[in-house]
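# Need a 3D model of the sequence below.
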Amino acid sequence: MATIKELSKKKEIISGGHRACAGCIPMIAMRQVLRAASNPVVVGCATGCMEVVTTIYPYTAWRSSYIHNAFENVAATISGVETAYRILKKKGKIPEDTKIDFIAFGGDGGTYDIGIQSLSGAMERGHNMLYVCYNNEAYMNTGVQRSSATPYGAFTNTAPSGSVSFGKKQFSKDLTGIMAAHRIPYVAQTSVSHWRDLVNKVQKALSIDGPTFLNILAPCQLGWRFPPEKGVEIARLAVETCFWPLYEVENGKLRITIKPKEKKPVLEYIKLQGRFRHLMKDSAKDVVDKIQKEIDLRWEELLEKSKV
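Numbering: from 1, shown residues only. Sure thing, here's the model as predicted:
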């Protein structure tokens, strides 16, 4: 397990001067992932916030091999690059002892929704790659539209709150569970608020020969409506309320990696976010209760699976 001192000595793969918002949590997530990599990397990035802020033509913030592609196919692109790498090694055009990490990044829009077909295909084919979803729970780059990762009750511009509505009417998709159902070697959920957990999971994923998947909660200050300095605190509260449990599924075995000492009520998490402001009224208590009930149910299910 790397220390902060060891990680800080590594050269940043993403340079300063990119155009992300001050305090951008998805950018922190990407930097933590890349600092955990010990080999040269080839990065693919689906269209989205992190692509836009790092690669506005004619500039780039990337100090590695980097491929931007369409919203839906970063997993397919990186799986193709990984295949070419293996073929070139077989033909002797790349030295046999060369080690490269292949990493695909996508937001929840490009992962949960538009990109799930190519992601599922890449995982099923067994490519030696890591797919990372920086999950900010909506289509932030195009104006905060709901995605299937958006939580129940949250305000977005396509699931607004008002006199006859209360935000999104569906609970979020369990994409981590869907990826685990592919029976790939390694799947995990993590958060920037627990850097040791995140770095450990990245290093474990990159050490495995085969397809791996990480789902990282990455609060967005614009879409979630909170002050920039509150991002990591909100990410931590997501873990402490079990809204975003930290766990891994390694070769089919589920292990919860962080168990809160005291499980906090979900109200402590959502009250800091403007996207849930409409739920702070007495008239919305039943919606908050419904969210709490669903969190409790999913947490109990995880606890049971971890015992198997």
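# Buried ones in stretch 281-296, by neighbour count?
284, 287-288, 291-292, 294-295 (16 or more other CB atoms under 10 Å). (C-beta placed from N, C-alpha, C; glycine too.)
# Identify, from those residues, the entry nearest to residue 214.
Minimum separation from residue 214 among these (CB to CB) is found for residue 295, which lies at 21.4 Å.
# part of a strand, is that closest one?
No - counting by DSSP: H, G, I helix; E, B strand; the rest coil, residue 295 is not part of a strand but helix.
# Tell me how far it lies from residue 5.
36 Å (CB to CB, to the nearest Å).
# if you look at the buried residues of stretch 281-296, which of them are in helices?
Applying DSSP state H to the buried residues of stretch 281-296, the entries found in helices are 287-288, 291-292, 294-295.
# export those residues to TSV and tack on distance to residue 213 and pLDDT?
Formatted as TSV, those follow (distance: CB to CB, whole Å; pLDDT from 0 to 100):
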residue	distance to residue 213	pLDDT
287	31	96
288	31	97
291	26	98
292	28	98
294	23	98
295	22	98
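# Would you point out the most distant pair within those?
So, these by CB to CB: farthest apart are 287 and 295, at 12.9 Å.
# Spell out, range by range, the strands that occur in the stretch 101-250 of the chain.
For the stretch 101-250 of the chain, the strands defined by DSSP state E, counting those that start in this stretch cover 101-107, 130-135, 161-162, 165-166, 186-191, 212-217, 246-250.
# Could you spell out the sheet neighbours of the third one, each with its direction?
Think strand 161-162. Strand 161-162 has its sheet partners listed here by DSSP bridges as strand 165-166 (antiparallel).
# Would you mind pulling the contact partners of the partner strand?
Strand 165-166 is contacted from outside by 153, 159, 278-279, 284, 287, using CB atoms under 8 Å, 6 or more residues apart in numbering.
# Try it again at 10 Å.
Applying CB atoms under 10 Å, 6 or more residues apart in numbering, the contact partners of strand 165-166 are 152-155, 159-160, 276, 278-279, 281, 283-284, 286-287.
# okay, now residue 195: neighbour count?
Each residue near residue 195 was counted by other CB atoms under 10 Å, and the total is 17.
# In contact with the residue lying closest to residue 107 once chain neighbours are set aside, which residues?
The shortest distance from residue 107 to any non-neighbouring residue, by CB to CB, 6 or more residues apart in numbering, is to residue 48 (4.1 Å). When contacts are counted by CB under 10 Å, 6+ apart, residue 48 touches 26, 68, 71, 74, 105-111, 114-115, 134, 136, 139-142.
# Likewise for residue 198?
Going by CB under 10 Å, 6+ apart, residue 198 touches 28-29, 32-33, 35-36, 188, 190-192, 214, 216, 246.
# Most neighbours among those, please name it.
Going by other CB under 10 Å, residue 190 tops those with 29 neighbours.
# gap between it and residue 266?
Noted for residue 190: a distance of 20 Å to residue 266, by CB to CB.
# Could you turn the buried ones of the contacts of residue 48 into a ChimeraX selection?
Only the buried entries of the contacts of residue 48 go into this ChimeraX selection, using 16+ other CB under 10 Å:
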select :26,68,71,74,105,106,107,108,109,110,111,114,115,134,136,139,140,141
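# which ones among the contacts of residue 48 are found in helices?
26, 74, 108.
# now, among these, which is nearest to residue 184?
Among these, and counting by CB to CB, the member closest to residue 184 is residue 74, at 16.8 Å.
# Quick one: low-confidence residue ranges for the chain.
Applying pLDDT under 70 to the chain flags residues 1-2.
# quick one: the helices in it?
For the chain, the helices defined by DSSP H occupy 4-8, 25-36, 49-54, 74-90, 108, 116-125, 175-180, 195-207, 221-224, 231-240, 267-270, 285-307.
# Tell me which of the ones you listed sits most buried.
Among the helices of the chain, helix 108 has the highest mean neighbour count (mean count of other CB atoms under 10 Å), at a mean of 28.
# gap between it and the chain center?
Chain-centre distance of helix 108: 7 Å, with CA atoms, centre = their mean, to the nearest Å.
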